[in-house]
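Visitor: Return a 3D structure for these sequence lines:
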Amino acid sequence: MTMNDSTRNQAYVPNVCTVIQNSVGTAPVMWFERNGKVLVSMPGVPTEMKTVMKEAVISRLREYFQDHSSILHRTCLVKDFTESRLSETLSDFEAQLPACIKLAYLPTPGVIRLRLTARGDEESYLQKIIDDAGVSEAEKKSAVDAMVKLTENAQMEEDAQMMLEAKGFKNAVVSLSDECCDVIVGKEDVTDEKRAQIEDIIKRKTNIGASNIVISTMD
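Guide: Residues are numbered from 1 along each chain as shown. Here you go, the predicted model:
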């Protein structure tokens, strides 16, 4: 295959940077160091940026700055609650959280995303705390299967939302439950052509059939 001028020009990089291999695209990833500071030039495509960050950049940053702290997240989506009512409902749970764990309310029209964030030096210790915090043994037993499913769904939701954003559907919200998928998009994104595009993305990322995909608007 002959390299065209566009691809050749994309391969040019400054001679003062370290090039990090982009395993899922052609855009170069460039690592610059100066006076104890680091700047990393990342690909603009979300899937490329996320892959390179996980595969190479985070580990290089940890080694460079000798920082082995960890940040862990758990998220879930809640419907049919106002933010104030949900905050009141979870007030006792939130009060019992350890100091290293914070609960964030991230509302969008019709859906509230709850995110637990744990910060600390030992990832395994944080993992135990974030999974056990404020939950009795009886509650954990009844919820374990739902949590496994929720984790799987959260990854598929994130992948679908990233793909939708890359295709121009800004601020889209994807919510999976059982064998159904709810997608919330802007009012301008509900033409027949765009509905078909959304359904195709959701089917590819979640394996849910078109008959079980519900698309609604934020307005």
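Visitor: Which element, helix or strand, includes the closest residue to Cys76 other than its chain neighbours?
Guide: Nearest residue to Cys76 in three dimensions, chain neighbours excluded: Leu114, at 5.3 Å (CB to CB, 6 or more residues apart in numbering). Placement of C-beta: from N, CA and C, glycine included. Leu114 belongs to strand 111-120 when assigned by DSSP states H and E.
Visitor: And the contacts of that strand?
Guide: 69-79, 81, 83, 86, 90, 97, 100-107, 126, 129-130, 133, 173, 175, 184 (CB atoms under 8 Å, 6 or more residues apart in numbering).
Visitor: Pull out the buried positions in it.
Guide: By 16 or more other CB atoms under 10 Å, the buried positions in strand 111-120 come out as Val111, Ile112, Arg113, Leu114, Leu116, Thr117, Ala118, Gly120.
Visitor: Which of the helices or strands spans Met49?
Guide: helix 46-52.
Visitor: who does the next helix or strand after that helix touch, helix- and strand-wise?
Guide: Sequence order places helix 58-65 as the next helix or strand after helix 46-52, per DSSP H and E. Secondary-structure packing of helix 58-65 (3 or more CB pairs under 8 Å, 6 or more residues apart in numbering; DSSP states H and E): strand 37-41.
Visitor: tilt between the strand it packs on and helix 58-65?
Guide: Counting by axes from the mean of the first three to the mean of the last three CA atoms, to 10 degrees, strand 37-41 lies at 160 degrees to helix 58-65.
Visitor: Pull up the pairing partners for strand 37-41, direction included.
Guide: Here strand 37-41 is paired, per DSSP bridges, with strand 29-34 (antiparallel).
Visitor: Would you mark the buried spots in the partner strand?
Guide: Val29, Met30, Trp31.
Visitor: The strand holding Leu114: partners in the sheet, and parallel or antiparallel?
Guide: strand 70-79 (antiparallel), strand 101-108 (antiparallel).
Visitor: The ones you listed into a markdown table, with extra columns for mean pLDDT, mean neighbour count and distance to Asp5?
Guide: Shown next, in a markdown table, are the strands paired with strand 111-120 (pLDDT from 0 to 100; neighbours: other CB atoms under 10 Å; distance: least, CB to CB, whole Å):
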| stretch | mean pLDDT | mean neighbour count | distance to Asp5 |
| --- | --- | --- | --- |
| strand 70-79 | 78 | 15 | 42 |
| strand 101-108 | 86 | 14 | 43 |
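Visitor: now those strands as JSON lines including distance to Thr51?
Guide: Supplementary listing: the strands paired with strand 111-120 in JSON lines, determined by distance: least, CB to CB, whole Å:
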{"stretch": "strand 70-79", "distance to Thr51": "18"}
{"stretch": "strand 101-108", "distance to Thr51": "24"}
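Visitor: between the ones you listed, which gets nearest to Ile202?
Guide: Ile202 sits nearest to strand 70-79 of all the strands paired with strand 111-120, at 15.1 Å, using CB to CB.
Visitor: immediately after that closest one, which helix or strand?
Guide: By DSSP H and E, the next helix or strand past strand 70-79 is helix 83-89.
Visitor: which strands and helices sit next to the host helix or strand of Lys203?
Guide: Assessed by DSSP H and E, Lys203 sits inside helix 192-206. If contacts are counted by 3+ CB pairs under 8 Å, 6+ apart, helix 192-206 sits against helix 137-166, strand 180-185, strand 213-217.
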